[in-house]
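K.L.:
Coordinates for the following, if possible.
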Amino acid sequence: MAPVEEQQQTASAQTTTVTAPSTSTTSHEEIYEHHEEHKNRRVIAIAIDASKHSDYCFQYAMDNIVTKDDQVCLLNVRPLSQLMSPFTSPYADISDWVEKLEAEAKEDSHRLLKSYGSRVLKRRIACRASALRGDPRDELVAKVNELKATCLIIGSRGMGQFKRAMLGSVSDYCIHHANCPVLVVRERSA
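P.N.:
Below is the predicted model:
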């Protein structure tokens, strides 16, 4: 099965959405895809979401790490929708509701990536943006390894030790499993 591809011409860059054929429960959509290849170009992956921690991380990376010669790869992961909850009947047909939630989450993810991507492109820096779907830990590590990224830059939500131990930390997982250095950016406390 071949990937589905949609193209839309924008003022500053070509936007390509590529949905990989589904071989697992996850899919990746390329929102910005940079076609120019440079062997000596650093690939800087930046994980983003809609949080203030992520925005600070992005701004820090752009101001302190990324250079004009780099390629920025923006990564956003949306979780898989839960089909069942404790409040639904096993006989209830919620497929329409789940499809609506999936479509809204996909649209939000693409909008977020385009927003951050336009900020990268305004600086005249090469940019790719990928919308991922699944567990953020697994998806970020898999994509960073696939990209052969020079480094991954990820924000810290500032969880305490107990909460981090109970929920698990995406950044901690990436530090231990990614095949590249991982920079965790934490906002300075006032």
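K.L.:
what helices or strands is whichever strand or helix holds A129 leaning on?
P.N.:
If you go by DSSP states H and E, A129 is part of strand 126-133. Where contact means 3 or more C-beta pairs under 8 Å, 6 or more residues apart in numbering; DSSP states H and E, strand 126-133 is packed against strand 28-32, strand 71-78, helix 95-122, helix 136-147. Quick note: C-beta positions are derived from backbone N, CA and C, even for glycine.
K.L.:
Sheet-wise, list the partners of it with their directions.
P.N.:
Strand pairing for strand 126-133, using DSSP bridges, gives strand 28-32 (antiparallel), strand 71-78 (parallel).
K.L.:
still on that earlier bit, reformat the helices and strands packed on strand 126-133 as CSV; add mean pLDDT, mean neighbour count and distance to G155.
P.N.:
Listed next are the helices and strands packed on strand 126-133 as CSV, based on pLDDT from 0 to 100; neighbours: other C-beta atoms under 10 Å; distance: least, C-beta to C-beta, whole Å:
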stretch, mean pLDDT, mean neighbour count, distance to G155
strand 28-32, 66, 22, 19
strand 71-78, 96, 24, 12
helix 95-122, 91, 16, 12
helix 136-147, 95, 19, 12
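K.L.:
Save these as JSON lines, and put in distance to C57 too.
P.N.:
Compiled in JSON lines, the helices and strands packed on strand 126-133 are given as follows (distance: least, C-beta to C-beta, whole Å):
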{"stretch": "strand 28-32", "distance to C57": "19"}
{"stretch": "strand 71-78", "distance to C57": "11"}
{"stretch": "helix 95-122", "distance to C57": "11"}
{"stretch": "helix 136-147", "distance to C57": "13"}
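K.L.:
among those, which is nearest Q59?
P.N.:
helix 95-122 (8.9 Å; C-beta to C-beta).
K.L.:
Let me know the angle separating the closest one from strand 71-78.
P.N.:
Helix 95-122 runs at 160 degrees relative to strand 71-78, counting by axes from the mean of the first three to the mean of the last three C-alpha atoms, to 10 degrees.
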